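> Just need the structure, nothing else, for what follows:
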Amino acid sequence: MPPRASFFILEMRITHVIEDLGGGGAERVCVNLANAWATRGWDVMILTLSELPPSYAVDSRVRRRAIGWPRKADPKELNAASLAPMLRGLNGVACLDIIWEMPLLAMLRYAIIATTPDVVVALLDYTNVKVLAAMHETGIPVIACEQTDVSQFSIGSWQETRKALYRRASAVVAPDPTIAEWLQRHGARAYAIPNPLNAPPSIRLERTGERRLLITLMRLSPEKRPDLLVRAFASIAGDFPEWELEIYGVGPMHEELTQLVDELAPGRIQLRGFTDTPYEILSTADLFVSASWIEGFGNAIWEALACGVPVVAMECGAAVRSLVRDGIDGLIVDSDTPEALASALASLMGNESVRKAFASRAREVLERFSIESALRKWDELLEDVMSRRAVPST
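Predicted coordinates for the structure are as follows:
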């Protein structure tokens with residue numbers, strides 16, 4: 001982290017920019033930060049591209065506005081004074097895809113400047129790139145926040161443009177030190193700040209009866225590999241008749257998964273859809289599972305551990321290994337196969353004493369990755385960014 005600046009921030013005007021506030025990790029981070037800063041009395045705006053309603057509770061003190069994309073640009077948004085700096089900023093680094101989005105970039109520039117922010121916080125890969133392109137030569141600091149492991153995940157034709165524009169950002173926040181180090185090697189002023197997640201209620205419900213629940217919360221998309229999880233659980237379901245798998249989430253693989261469940265484990269796996277009350281769900285769990293092949297932090301894993309639920313997670317990088325302590329509060333599955341995941345699940349589903357031992361250590365994640373610690377690091381970063389803005393160039 002940067003050294004602590006010489007002044008303390010008493011008041012800030014911060015504009016968050018994100019595509020929407022639907023259910024997802026970046027959206028949760030956006031809302032948590034906005035709510036925390038609004039509680040301090042800071043002026044916080046969340047600017048979204050779409051008008052999709054929020055999936056998480058937004059503090060009433062946080063202002064929200066949607067630019068209503070896609071729509072036809074207003075002439076006042078598409079003016080030469082806005083377009084020229086953006087074109088200069090994209091000279092030599094632009095891909096065709098972002099050039100085609102010039103009307104959106106102009107709308108973003110106009111909308112962000114209208115909020116008169118001290119700092120802009122952009123969240124999630126494509127939005128980060130668009131905001132950095134839109135804000136070229138405005139003098140307003142932009143902090144880009146990554147929510148995935150950029151060393152493993154490419155955004156296709158935008159990849160090189162992202163690298164180039166990240167080098168111009170006032171800061172790039174990554175949720176894990178290994179991701180921040182990769183960004184630094186590619187020229188970004190990158191900092192590691194774990195996701196600021198709110199602690200669950202302190203009461204953990206005791207499981208009663210014979211029914212046992214294996215739960216996961218995920219986006220139903222290829223990188224989360226829900227199909228691999230379904231195959232793994234189905235292969236051992238007959239050995240554990242008291243166990244059921246509940247999958248919470250929405251996404252493009254829903255129809256495919258419905259068919260797979262009907263084929264492999266009807267009645268034993270339930271697709272529950274999106275939930276905005278994860279702690280209520282996790283309070284009923286005996287075990288949590290993650291089959292993802294890539295994570296920037298692992299919000300749902302943190303939430304499960306914070307509820308005292310042991311975790312089985314497939315190997316997907318340093319971020320998850322820092323959350324799940326193999327053999328202490330969960331298991332890390334090194335082999336990338338349904339059979340390996342099934343074996344790890346079976347070893348805990350069939351051993352209540354080990355599950356309880358893991359559960360007894362799981363809530364230590366609340367101290368290891370607390371929201372207070374994350375917010376302190378954000379304070380240090382904001383002070384550093386503002387102090388650099390305040391120093392006149394020579």
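> Now for the protein, the helix or strand with the poorest mean pLDDT.
Least confident element among the helices and strands of the chain, by mean pLDDT, DSSP states H and E: helix 80-90 (a mean of 81).
> tell me the pLDDT at residue 4?
Residue-level confidence at residue 4 comes out at 43, pLDDT.
> follow-up on the earlier one: give me the contacts around the helix or strand just after the least confident helix or strand of the chain.
Next helix or strand after helix 80-90 toward the C-terminus (DSSP states H and E): helix 96-99. By CB atoms under 8 Å, 6 or more residues apart in numbering, the list of residues contacting helix 96-99 from outside reads 90, 105, 129, 130, 133, 157, 158, 161. Every C-beta, even on glycine, is put in place using the N, C-alpha and C of the backbone.
> biggest separation within those, which pair?
Farthest pair in the contacts of helix 96-99 (CB to CB) is 105 and 157. Separation: 16.1 Å.
> For the nearest residue to residue 64 once chain neighbours are set aside, list each beta-bridge partner.
In space, and not counting its chain neighbours, residue 64 is closest to residue 46: 4.8 Å by CB to CB, 6 or more residues apart in numbering. With DSSP bridges as the criterion, the beta-bridge partners of residue 46 are residue 16, residue 64.
> From residue 375, how far out is residue 46?
Distance of residue 46 to residue 375, computed by CB to CB, to the nearest Å: 17 Å.
> Might one say that residue 334 is in contact with residue 315?
Yes - shown here, residue 334 and residue 315 form a contact pair, counting by CB atoms under 8 Å, at 5.1 Å.
> what sits up against the least confident helix or strand of the chain?
Here helix 80-90 has contacts from 98-99, 102, 105-106, 109-110, 133-134, 136-138, 161, 165, 168, using CB under 8 Å, 6+ apart.
> Apply 6 Å and report the result again.
105, 106, 109, 133, 136, 137 (CB atoms under 6 Å, 6 or more residues apart in numbering).
> returning to what we had before: pick out whichever of residue 334 and residue 315 has more residues nearby.
Applying other CB atoms under 10 Å to residue 334 and residue 315 shows that residue 315 carries more neighbours, namely 14 against 10.
> residue contacts, the more buried one?
332, 334.
> Can you give me the distance of it to residue 195?
Where residue 195 is concerned, residue 315 sits at a distance of 20 Å (CB to CB).
> can you pull out the strands in the stretch 51-200 of the chain?
Here the stretch 51-200 of the chain has its strands, by DSSP state E, counting those that start in this stretch, at 63-66, 119-123, 142-145, 171-174, 190-192.
> how many other residues sit next to the residue nearest to residue 64?
Residue 46, neighbours per other CB under 10 Å, totals 25.
> element containing the nearest residue to residue 56 once chain neighbours are set aside?
Distance criterion CB to CB, 6+ apart; nearest residue to residue 56, sequence neighbours excluded, is residue 31 at 4.5 Å. Using DSSP H and E, residue 31 sits in helix 25-39.
> neighbouring contacts of that helix?
With CB under 6 Å, 6+ apart, helix 25-39 has contacts from 16, 18, 21, 44, 46, 56, 58-59, 61-62, 123-124, 147, 195-196, 299, 375.
> Out of these, list just those in helices.
Counting by DSSP state H, the contacts of helix 25-39 place 299, 375 in helices.
> Please type out the ChimeraX selection for whichever of the contacts of helix 25-39 turn out to be buried.
With 16 or more other CB atoms under 10 Å as the criterion, this ChimeraX line picks the buried residues out of the contacts of helix 25-39:
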select :16,18,21,44,46,56,58,62,123,124,147,195,196,299,375
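> want to throw the contacts of helix 80-90 into JSON lines with pLDDT?
Shown next, in JSON lines, are the contacts of helix 80-90 (pLDDT from 0 to 100):
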{"residue": "105", "pLDDT": "93"}
{"residue": "106", "pLDDT": "92"}
{"residue": "109", "pLDDT": "94"}
{"residue": "133", "pLDDT": "92"}
{"residue": "136", "pLDDT": "91"}
{"residue": "137", "pLDDT": "91"}
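> Show me which of the residues you listed is closest to residue 12.
residue 109 (20.8 Å).
> now the strands of the stretch 51-200 of the chain as JSON lines including mean pLDDT and distance to residue 252?
What follows is the strands of the stretch 51-200 of the chain, written out as JSON lines (pLDDT from 0 to 100; distance: least, CB to CB, whole Å):
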{"stretch": "strand 63-66", "mean pLDDT": "96", "distance to residue 252": "23"}
{"stretch": "strand 119-123", "mean pLDDT": "97", "distance to residue 252": "21"}
{"stretch": "strand 142-145", "mean pLDDT": "97", "distance to residue 252": "24"}
{"stretch": "strand 171-174", "mean pLDDT": "97", "distance to residue 252": "26"}
{"stretch": "strand 190-192", "mean pLDDT": "97", "distance to residue 252": "30"}
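> got the CA positions of stretch 248-267 in PDB?
Extracted in PDB, the C-alpha atoms of stretch 248-267 (Å, rounded to 0.1, in the frame of the first residue of the first chain):
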ATOM      1  CA  TYR A 248     -28.200 -20.400  -5.700                       C
ATOM      2  CA  GLY A 249     -27.600 -18.200  -8.700                       C
ATOM      3  CA  VAL A 250     -28.700 -17.200 -12.200                       C
ATOM      4  CA  GLY A 251     -26.900 -17.100 -15.500                       C
ATOM      5  CA  PRO A 252     -26.700 -18.400 -19.000                       C
ATOM      6  CA  MET A 253     -26.200 -22.000 -18.100                       C
ATOM      7  CA  HIS A 254     -29.500 -22.400 -16.200                       C
ATOM      8  CA  GLU A 255     -31.400 -24.300 -18.900                       C
ATOM      9  CA  GLU A 256     -28.400 -26.600 -19.500                       C
ATOM     10  CA  LEU A 257     -28.100 -27.300 -15.800                       C
ATOM     11  CA  THR A 258     -31.800 -28.000 -15.400                       C
ATOM     12  CA  GLN A 259     -31.500 -30.700 -18.000                       C
ATOM     13  CA  LEU A 260     -28.300 -32.100 -16.500                       C
ATOM     14  CA  VAL A 261     -29.900 -32.300 -13.000                       C
ATOM     15  CA  ASP A 262     -33.000 -34.000 -14.400                       C
ATOM     16  CA  GLU A 263     -30.700 -36.500 -16.100                       C
ATOM     17  CA  LEU A 264     -28.200 -37.200 -13.300                       C
ATOM     18  CA  ALA A 265     -29.800 -36.500  -9.900                       C
ATOM     19  CA  PRO A 266     -33.500 -35.700 -10.000                       C
ATOM     20  CA  GLY A 267     -34.800 -34.700  -6.600                       C
END
